[in-house]
Every structure is written in structure tokens, then in C-alpha cells.
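Sequence and predicted structure, then a few things I'm wondering about:
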Amino acid sequence: MDFAAMKPADLRGLIRKGELTGPTTGMCNGYAQGNLVVLPKALAWDFLLFCQRNPKACPLLEVADAGERTFAQFGKGSDIATDIPRYRVYEHGELTGEYTDVSKFFEERNDLVSFLIGCSFSFESELLEAGIPVRQIEEGVNVPMYNTNIPCTPAGVFSGNMVVSMRPIPASTGECRTGRSRRQLPLQRACPACTVCRCKSVSRKPSASMIWLTRITAMP
């Protein structure tokens with residue numbers, strides 16, 4: 001199956017049926033991909049401020065209304081609770097489970113707010129078109145990620161250092177082509193300390209609420 005040429009709605013359909021549960025790197029070329037964070041409404045304002053203060057770490061694409069299970073602008077017809085390959089749920093700062101369907105959480109409460117955040121998978125098709133290999137696609141694994149000592153600007157209960165992802169690039173390819181890809185995709189992360197990287201997400205102070213950090217499939 002040619003996942004790279006697949007339309008986002010078709011790929012989400014496979015995920016919804018449980019036929020795809022892994023990373024979406026190398027899929028739906030030409031479309032933006034995103035990360036999903038779901039929080040109780042009581043924490044949503046703090047996280048919105050965190051995204052605004054740290055646009056390289058959390059480039060915000062869309063915020064759904066409380067209780068909504070779709071991203072109307074970037075994923076019309078999507079279901080936030082079923083269209084993600086795999087979800088991680090954190091409570092009190094601890095990972096409490098992994099799921100392929102989190103409908104029960106939306107059914108148990110109506111105050112969950114979903115955030116769609118830009119993902120570096122979006123620019124990988126640009127790298128491939130420029131003749132730059134993407135190793136994790138070649139090897140069929142997830143992108144390598146690293147903790148850094150670069151602090152994000154705190155907002156309310158949210159704070160932490162930046163996490164980046166890395167693509168090894170042969171020296172013979174030259175830097176100008178990767179720089180062009182960054183400029184063409186302003187909503188994807190581009191850390192000034194690196195040629196090509198993805199400044200991912202953050203940690204947060206423990207609380208009684210839960211946060212979902214996961215990958216959402218490509219959005220049209």
C-alpha cells in the first residue's frame with residue numbers, strides 16, 4: 001500500500017479501523033501532519049499561552065471547542081478520539097495507559113479541549129523531493145528525539161526544556177535545500193541551533209488532570 005500517496009481522509013479511515021497503529025512518518029506527502037494534545041478546559045488557557053510563548057516548540061494549527069471531537073479546519077470529518085494510531089494518557093504526571101481509541105474519555109466528560117500542533121513529519125516529503133534521504137523512513141522506525149537544555153518559556157503549570165528530533169543529512173547534499181524547505185513550511189518547527197530539526201513538545205508540572213501527547217495523522 002502506497003501510504004506516501006494516500007489522502008489524509010483515507011489514511012484516517014485505516015487508523016479508525018485499527019489497521020494502522022504506528023508512526024505516520026512518510027505518509028500523505030504534501031499534507032501537514034500534527035501532534036495532538038488534549039486537556040481539561042481548566043488547563044487549556046495555560047497551554048494556549050504556552051504555545052503562543054513557544055511557537056518553535058508548539059506551532060499551533062488549531063484548537064477545538066471544549067467537548068468537540070473533530071478539527072473542523074484542518075481535518076474535516078476527523079474523529080479526534082479514534083483517528084490517531086496510538087494515544088498515551090497521563091494522569092498526575094504519570095503515564096497510565098496507551099490506547100488506540102479514547103472515546104470513553106470524551107464520553108465521561110465534556111470539558112476536554114484538543115490542540116493540533118505542527119509536526120516535523122510535514123517537511124519530510126520536501127527533503128525527499130530535494131534528494132535528501134530520510135533515514136527513519138528508510139528503516140521503518142520512528143524519528144530519533146533528544147532532550148535538550150534549551151528552556152521553554154513557562155506559562156501557568158506548563159514548563160520544561162525543548163525536545164528536538166533529528167534527521168542525519170549527508171554532507172554532500174548542502175544546506176541551502178534544507179533551508180528552503182524550512183521557509184516553505186513556517187508552521188513546522190525549525191530550531192535555530194540546527195540545520196533540520198523538530199522542536200517537539202514539553203513537560204508539565206504534575207496535577208490531578210491528564211494530558212495526552214500523541215501523533216495525529218496528516219491533516220488536509
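Arrived safely.

what sits against the spatially closest residue to residue 41 that is not a sequence neighbour?
Taking Cβ to Cβ, 6 or more residues apart in numbering, and ignoring the residues beside it in sequence, residue 41 has residue 111 as its nearest neighbour in space, at 4.2 Å. Bear in mind the C-beta positions are built from the backbone N, C-alpha and C, glycine included. With contact set as Cβ atoms under 8 Å, 6 or more residues apart in numbering, residue 111 has these partners: 40, 41, 42, 66, 67.

Pull the helix of greatest length in the chain out as PDB, backbone CA atoms only.
In the chain, assigned by DSSP state H, the helix with the most residues is helix 41-53. Coordinates of each C-alpha in helix 41-53 appear next as PDB, following Å, rounded to 0.1, in the frame of the first residue of the first chain:
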ATOM      1  CA  LYS A  41     -10.700  23.100  29.900                       C
ATOM      2  CA  ALA A  42      -9.300  24.300  33.300                       C
ATOM      3  CA  LEU A  43      -5.800  23.800  31.900                       C
ATOM      4  CA  ALA A  44      -6.500  24.900  28.300                       C
ATOM      5  CA  TRP A  45      -5.700  28.600  28.700                       C
ATOM      6  CA  ASP A  46      -2.300  27.900  30.300                       C
ATOM      7  CA  PHE A  47      -1.400  25.600  27.400                       C
ATOM      8  CA  LEU A  48      -2.600  28.100  24.800                       C
ATOM      9  CA  LEU A  49      -0.300  30.700  26.400                       C
ATOM     10  CA  PHE A  50       2.500  28.200  26.400                       C
ATOM     11  CA  CYS A  51       2.000  27.600  22.700                       C
ATOM     12  CA  GLN A  52       2.000  31.300  22.000                       C
ATOM     13  CA  ARG A  53       5.100  31.900  24.000                       C
END
